[in-house]
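Q: The sequence isn't on hand, but the structure is:
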């Protein structure tokens, strides 16, 4: 097997302040293609339920097991364009960037940002791809074919283990999930 077929992208970390939302994100209508970072973040907030994601980040931190997929930003040296993970990025920006939060004008985000331990100087796990085309397979796998979700029996079995073996009550499990 050739070397380029073993792994896709380079595992790394970048600062939150150096992440940029993708103005070519397929979730955005044509009207927002090329919009400002603040506008993109607000469109994602309004249309894609960011508050639960932000609540999880505040409660649990950022999971290293969920790296963002990025490419070098061709429009701004030293920054990274997020080609997969824009909702998480919008949350990170909303929690750490007062300019984004001002556009959000959202009391929930304001309250979460006060409890938030992350800052724009913190590093977030990423997978760096050379360009959009190099990231396309991974983005497509995530958004088109997706992961196979657990069926109800497997979900119940998992929750029962957390309750029976780990000693958690159902409210704790609900909060964790």
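A: That came in fine, so what should we check first? These numbers were taken from a predicted model, which means no experiment stands behind them.
Q: going forward, measure contacts between C-alpha atoms and count neighbours the same way
A: Fine.
Q: Please identify which helix or strand holds residue 66.
A: Under DSSP states H and E, no helix or strand contains residue 66.
Q: is it true that it touches residue 125?
A: Yes - when contacts are counted by CA atoms under 8 Å, residue 66 is listed as touching residue 125 (7.4 Å).
Q: quick one: which of these two has more around it?
A: residue 125 (19 against 13; other CA atoms under 10 Å).
Q: so how far is the strand or helix carrying that one from its chain's centroid?
A: Taking DSSP H and E as the definition, residue 125 sits inside strand 123-128. The chain centre lies 11 Å from the centre of strand 123-128; the measure is CA atoms, centre = their mean, to the nearest Å.
Q: Give me the local confidence score for the residue positioned nearest the centre of the chain.
A: For the chain, the residue nearest the mean C-alpha position is residue 88 (2.2 Å; CA atoms, centre = their mean). Note on residue 88: pLDDT of 95.
Q: tell me the contacts of it?
A: Counting by CA atoms under 8 Å, 6 or more residues apart in numbering, residue 88 touches 50, 53-54.
Q: That one and residue 163, how far apart?
A: 29 Å (CA to CA, to the nearest Å).
Q: so where's this structure shaky on pLDDT?
A: Along the chain, the parts satisfying pLDDT under 70 run over 1-7, 140-150, 153-154, 158, 176-177.
Q: how about the helices in it?
A: 37-47, 51-60, 86-96, 98-104, 107-115, 132-140, 152-164, 170-176 (DSSP state H).
Q: what's the offset of the first one from the middle of its chain?
A: Same thing as helix 37-47. Distance, centroid of helix 37-47 to centroid of chain: 13 Å (CA atoms, centre = their mean).
Q: relative orientation of it and helix 51-60 in degrees?
A: 100 degrees (axes from the mean of the first three to the mean of the last three CA atoms, to 10 degrees).
Q: for helix 37-47, which positions count as buried?
A: 37-45 (16 or more other CA atoms under 10 Å).
Q: Now render those as TSV, adding distance to residue 114.
A: Shown next, in TSV, are these (distance: CA to CA, whole Å):
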residue	distance to residue 114
37	22
38	20
39	22
40	23
41	19
42	19
43	22
44	21
45	18
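Q: Pairing partners for the strand holding residue 125, with directions?
A: Here strand 123-128 is paired, per DSSP bridges, with strand 10-15 (antiparallel), strand 68-72 (parallel).
Q: Serialize the ones you listed to JSON lines and add fields for distance to residue 111.
A: Below are the strands paired with strand 123-128 laid out as JSON lines (distance: least, CA to CA, whole Å):
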{"stretch": "strand 10-15", "distance to residue 111": "23"}
{"stretch": "strand 68-72", "distance to residue 111": "25"}
